[in-house]
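have a look at this fold, sequence not included:
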């Protein structure tokens, strides 16, 4: 099993497939999942000749179940440690949901030459939580409810989310995949409860406004119009206005987990962006 050691000694699991001389694509997973959430994308881009890399954030998947460092600054620092461990240059960083926040913070701060492009899928930036400066954000009570449900019965909570709003399986006429539901549960339960609890504040309260403004590389913003987890009006529609070199595409009627329910559609759009 491949791991690297972050600055504070945390062991972080990663996958690294394909020719080491090929352009690298680094995938950043959402809460509370793992690198396995990107299997469809990794296999697709591997078949296209790319080097594909995905890692389990600290406290998630097969990485150490840390009780500290579950914040965006540390997640971005861990990403930089991975990039230096593998000596990645000219990489494309693709992040979903919370992983999109990690990409925004990392890319905004990385040294020139390390990053070629970025893609934010159903991503949390600029900021999720409602406040005086973000009046149309998601009320704090929603995130308090997530924390309470995690504490009360994490195993059931991690069935309820993918069975309902995450993939839009609560919508009339949706084609429910029990495999996706069970795989979501498997990934979630593999991680640490403390890290998952702390990460709710990280993905909901972190303000990425200045990060988005600082990003200069081409950035693709993909979002489902029926995202019940990260509402598009409070995320992608605002993020695109802050990016210097951004392109937005909205998938009409698709959910938060659109890249898993419609991989062929999304993979083709990502490939076109990377090769443009």
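Now that the structure is in, tell me what you want to look at. Nothing here was measured: the structure is a model prediction, and the numbers come from that model. Numbering: from 1, shown residues only.

can you confirm residue 220 is in a strand?
Yes: under DSSP: H, G, I helix; E, B strand; the rest coil, residue 220 falls within a strand.

surely residue 131 meets residue 139?
No: using C-beta atoms under 8 Å, residue 131 and residue 139 do not qualify as a contacting pair, with a distance of 10.1 Å. Every C-beta, even on glycine, is put in place using the N, C-alpha and C of the backbone.

list residues touching both of those two?
Here residue 131 and residue 139 share no contacting residue, scored by C-beta atoms under 8 Å, 6 or more residues apart in numbering.

report the contact partners of residue 176.
By C-beta under 8 Å, 6+ apart, the neighbours of residue 176 are 163, 169.

gap between it and residue 168?
Per C-beta to C-beta, to the nearest Å, residue 176 is found 10 Å from residue 168.

element containing the closest residue to residue 151 other than its chain neighbours, please.
Spatial nearest neighbour of residue 151, chain neighbours left out: residue 197 (7.3 Å); criterion: C-beta to C-beta, 6 or more residues apart in numbering. Following DSSP states H and E, one finds residue 197 within helix 193-205.

helix or strand next in line after that helix, which one?
helix 209-214.

next, the buried residues of that next one.
Within helix 209-214, the residues that qualify as buried are 209, 211, 212, 214, counting by 16 or more other C-beta atoms under 10 Å.

just stretch 41-58 next, same as before
Neighbour-count burial for stretch 41-58 flags 41-42, 44-46, 50-58 (criterion: 16+ other C-beta under 10 Å).

what's the mean pLDDT across the lengthiest helix in the chain?
Determined from DSSP state H, the single longest helix within the chain is helix 140-163. In this model, helix 140-163 has an average pLDDT of 98.

who does whichever helix or strand comes after that helix touch, helix- and strand-wise?
As assigned by DSSP H and E, the chain's next helix or strand after helix 140-163 is helix 178-190. Of the remaining helices and strands, those touching helix 178-190 by 3 or more C-beta pairs under 8 Å, 6 or more residues apart in numbering; DSSP states H and E are helix 140-163.

kindly recompute the last result at 10 Å.
helix 140-163, helix 258-261 (3 or more C-beta pairs under 10 Å, 6 or more residues apart in numbering; DSSP states H and E).

pick the most deeply packed of the ones you listed.
helix 258-261 (a mean of 24; mean count of other C-beta atoms under 10 Å).

after that one, which helix or strand is next?
Sequence-wise, the next helix or strand downstream of helix 258-261 (DSSP H and E) is helix 263-275.

go through that following helix and flag the buried ones.
Buried residues in helix 263-275, counting neighbours by 16+ other C-beta under 10 Å, are found at 263, 266, 267, 269, 270, 273, 274.

let me see the mean pLDDT of it.
The predicted model gives helix 263-275 an average pLDDT of 98.

packing partners of that helix?
helix 39-47, strand 91-96, strand 115-121, strand 219-224, strand 246-251, helix 258-261.

swap the cut-off to 7 Å and go again
If contacts are counted by 3 or more C-beta pairs under 7 Å, 6 or more residues apart in numbering; DSSP states H and E, helix 263-275 sits against helix 39-47, strand 115-121, strand 219-224.

not counting the next helix or strand after the last one itself, show me its contacts.
The reference is to strand 219-224. Going down the chain from strand 219-224, the next helix or strand is helix 236-242, by DSSP H and E. The contact list for helix 236-242 (C-beta atoms under 7 Å, 6 or more residues apart in numbering) reads 120, 125, 126, 209, 212, 213, 221, 223, 246, 248.

neighbour-wise, give me the winner out of those residues.
In terms of neighbour count, residue 120 stands highest of the contacts of helix 236-242 at 34 neighbours, by other C-beta atoms under 10 Å.

find the nearest non-adjacent residue to that residue, please.
Excluding its sequence neighbours, the residue lying closest to residue 120 (C-beta to C-beta, 6+ apart) is residue 100, at 4.1 Å.

and the host helix or strand of the one you found, how far out from the chain middle?
Per DSSP H and E, residue 100 falls inside helix 98-109. How far helix 98-109 lies from its chain's middle: 9 Å, per C-alpha atoms, centre = their mean, to the nearest Å.
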